[in-house]
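K.L.:
sharing a sequence plus its predicted fold:
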Amino acid sequence: MAPATPSAPHAARIDHLVTSGTFSLDGGTWDVDNNVWIVGDDREVYVIDAAHDAEAILGAVGDRRLLGIICTHGHDDHIDAAPRVAERAGAPVLLHPDDDMLWRMRHPGLRPDAPLADGEVLTAGGVELHVLHTPGHSPGAVCLYAPELATVFSGDTLFQGGPGATGRSYSSFPTIIDSIRERLLTLPPDTVVRTGHGDSTTIGAEAPNLDEWIARGH
């Protein structure tokens, strides 16, 4: 998708593109489309999940300063382009340390530049991104809450229709349910949930379905 046009000089905004590639884990490989989110203004931004296509991501960033690449988790479809984007832009890669083992599967010999910590606040273009540690889909999964934009970037923790997948290594269904209940469903109901794959939703649309997810998951 084309980058959004700011309504005023230096207005904060969210740019969005979809990139395509594969996800591999536990001996299987699947074709996937990933959402890449770029948050900030016309001067500086963060990229959330540098998936698959470094050139497309760099093109969407344009001449803005890239403050960092935030990885919502360490699955390879969310991090495969991160080192190339980081090298080209001179920006750090940020990942929660509990997902270091997943990072090493995709990028042996490389390390993320800095750890993400629960409660940390990152700022770009006046937009605060509050780091929420939301394990379950993976041990180091995080979401990024931007109260000024009434948005949470949920990675693969919460989707339209339910939690992220927990059927593969390093995942836990009870843990992801706890993360969603305690960290996400407590956000304002009108908060837009911008996901790692597929369509966006809202906290208000998803919250009433928690008991159904629990019953389905068991």
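P.N.:
Okay, I see it. Residues are numbered from 1 along each chain as shown.
K.L.:
can you give me the end-to-end distance of stretch 199-213?
P.N.:
18 Å (CA to CA, to the nearest Å).
K.L.:
identify the residues contacting it?
P.N.:
Residues from elsewhere that reach stretch 199-213 (CB atoms under 8 Å, 6 or more residues apart in numbering): 152, 158-163, 177, 180-181, 184-185, 187-195. (Glycine included, C-beta is placed from N, CA and C.)
K.L.:
which among these count as buried?
P.N.:
With neighbours counted by 16 or more other CB atoms under 10 Å, the contacts of stretch 199-213 contain buried members at 152, 158-159, 162-163, 177, 180, 184-185, 187, 191-195.
K.L.:
who are the neighbours in contact with Ala82?
P.N.:
The contact partners of Ala82, by CB under 8 Å, 6+ apart, come to 50, 69, 71, 93, 107.
K.L.:
which ones among those are found in strands?
P.N.:
Residues of the contacts of Ala82 located in strands (DSSP state E): 69, 93.
K.L.:
and the contacts of Ala82, which of them are buried?
P.N.:
By 16+ other CB under 10 Å, the contacts of Ala82 give 50, 69, 71, 93, 107 as buried.
K.L.:
verify the stated contact: the second one with Ala86.
P.N.:
Translated: Ile69. Yes: contact criterion CB atoms under 8 Å: Ile69 and Ala86 qualify, at 5.7 Å.
K.L.:
what residues sit buried inside the least confident helix or strand in the chain by mean pLDDT?
P.N.:
Across the helices and strands of the chain, mean confidence by mean pLDDT, DSSP states H and E is lowest for helix 210-217: a mean of 91. Within helix 210-217, the residues scored as buried using 16+ other CB under 10 Å are Trp213.
K.L.:
swap in stretch 20-39?
P.N.:
The neighbour-count check on stretch 20-39 (16+ other CB under 10 Å) flags 21, 23-25, 32, 34-39 as buried.
K.L.:
check stretch 190-209 too.
P.N.:
191-197, 200-203, 206.
K.L.:
hmm, back to that, next step: the buried ones among the contacts of stretch 199-213 restricted to helices.
P.N.:
Ile177 (DSSP state H).
K.L.:
for the buried ones among the contacts of stretch 199-213, which one is nearest Gly125?
P.N.:
Each of those was scored against Gly125 by CB to CB, and Arg194 proved nearest at 16.5 Å.
K.L.:
tell me the contacts of that closest one?
P.N.:
Shown in contact with Arg194 (CB under 8 Å, 6+ apart): 14, 16, 35, 37, 151-154, 200.
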